[in-house]
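1. Structure for the following, please:
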Amino acid sequence: MKILVAIKRVVDYNVKVRPTSDGKSVDIANTKKSINPFCEIAVEEAIRLKEAELATEVVVVSVGPDAVQEQLRTAMALGADRAIQVKTEADLEPLAIGKALKAVIEREDPGLVMLGKQSIDGDNNQTGQILAALTNMPQGTFASHVAIADKRVVVTREVDGGLQTLSLSLPAIITTDLRLNEPRYASLPNIMKAKRKPLFVIDLNEFGIDSEPRVVTTAVESPAQRQPGIKVANAAELVDKLKNEAKVIT
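-> Sure thing, here's the model as predicted:
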């Protein structure tokens, strides 16, 4: 079984981003980039399934400019067998990403597709669900455990009320959550080997899909500064401030 894993290039989670001077976007110039953490979990899970001999090949795909090849090589250093770049200079929305991934799925015919549940830049949490709708494949979102047996995949997913277990027929789409696994680090020998692994580039225009944006960003601003805490002398003063200043009790 072939596993296709979609990854996204994002600003590293340790970097604090700021709005641009015109307040229309986020200033990401000269910032460190990395694989989206949720996508890295998806890569790790696919590699573990291959190591358990439940998969024969792990293919990673990313949609974006040539810069995404850095993250694709990183994924191959972690253990993926080959990579696909869907090349575009445009900043695509989840719908367009879903259409591009659908075209890749039609070419690759994977038995399982894995994605991070969301990216830490847009936080949309949409691409996996959109892709499932476009491909008419069963989906298991927010996965905290994945098991494959008898040509089905069993997904334990995190929901508001606790845990939900789904049994999905293959091929299926899974979006990964934080508690699924802990990604490994790439060793130096594997980093060197990744440079020789195949990376195929496909121009987005070859797919003939409509990638026009549907959403317009009107403003971007930093979160409001949190006010410093204070100490109160006694319970009566605490109640007074909760009632009259915070207005959280009546």
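2. use CA for all of it now, contacts and neighbours both
-> Fine.
3. Give the bridge partners for the residue most central in space within the chain, please.
-> Centroid-nearest residue in the chain: Gly116, 3.2 Å away (criterion: C-alpha atoms, centre = their mean). Under DSSP bridges, the beta-bridge partners of Gly116 are Thr176.
4. That one: what's it in contact with?
-> Counting by C-alpha atoms under 8 Å, 6 or more residues apart in numbering, Gly116 makes contact with 6-7, 36-42, 175-177.
5. End to end on stretch 72-88, go ahead and measure it.
-> 15 Å (C-alpha to C-alpha, to the nearest Å).
6. Can you pull out the residues in contact with it?
-> 7, 40, 43-44, 47, 57-66, 68-69, 100, 184-187, 190-195, 197-204.
7. How far away from the center of its chain is that stretch?
-> How far stretch 72-88 lies from its chain's middle: 14 Å, per C-alpha atoms, centre = their mean, to the nearest Å.
8. List the buried residues for that stretch?
-> For stretch 72-88, the neighbour count (16 or more other C-alpha atoms under 10 Å) marks 72-87 as buried.
9. now do stretch 48-57
-> 49-50, 54-55, 57.
10. repeat for stretch 170-182
-> So for stretch 170-182, counting by 16+ other C-alpha under 10 Å, buried means 170-178, 180-181.
11. Contacts for the lowest-mean-pLDDT helix or strand in the chain next, please.
-> Using mean pLDDT, DSSP states H and E, the weakest-scoring helix or strand in the chain turns out to be strand 26-27, at a mean of 82. Contacts to strand 26-27, defined as C-alpha under 8 Å, 6+ apart, come from residues 17-20, 220.
12. what are the pairing partners of the helix or strand just after it, and which direction each?
-> With elements assigned by DSSP states H and E, the helix or strand that comes after strand 26-27 is strand 33-35. With DSSP bridges as the test, strand 33-35 is paired with strand 9-11 (antiparallel).
13. Distance from the chain centre to the partner strand, please.
-> 10 Å.
14. One more: stretch 151-162?
-> 18 Å.
15. contact partners of it?
-> Contacts of stretch 151-162 (C-alpha under 8 Å, 6+ apart): 140-148, 163-170, 172.
16. Name the residues of that stretch that come out as buried.
-> Using 16+ other C-alpha under 10 Å as the test for burial, stretch 151-162 gives 153-158.
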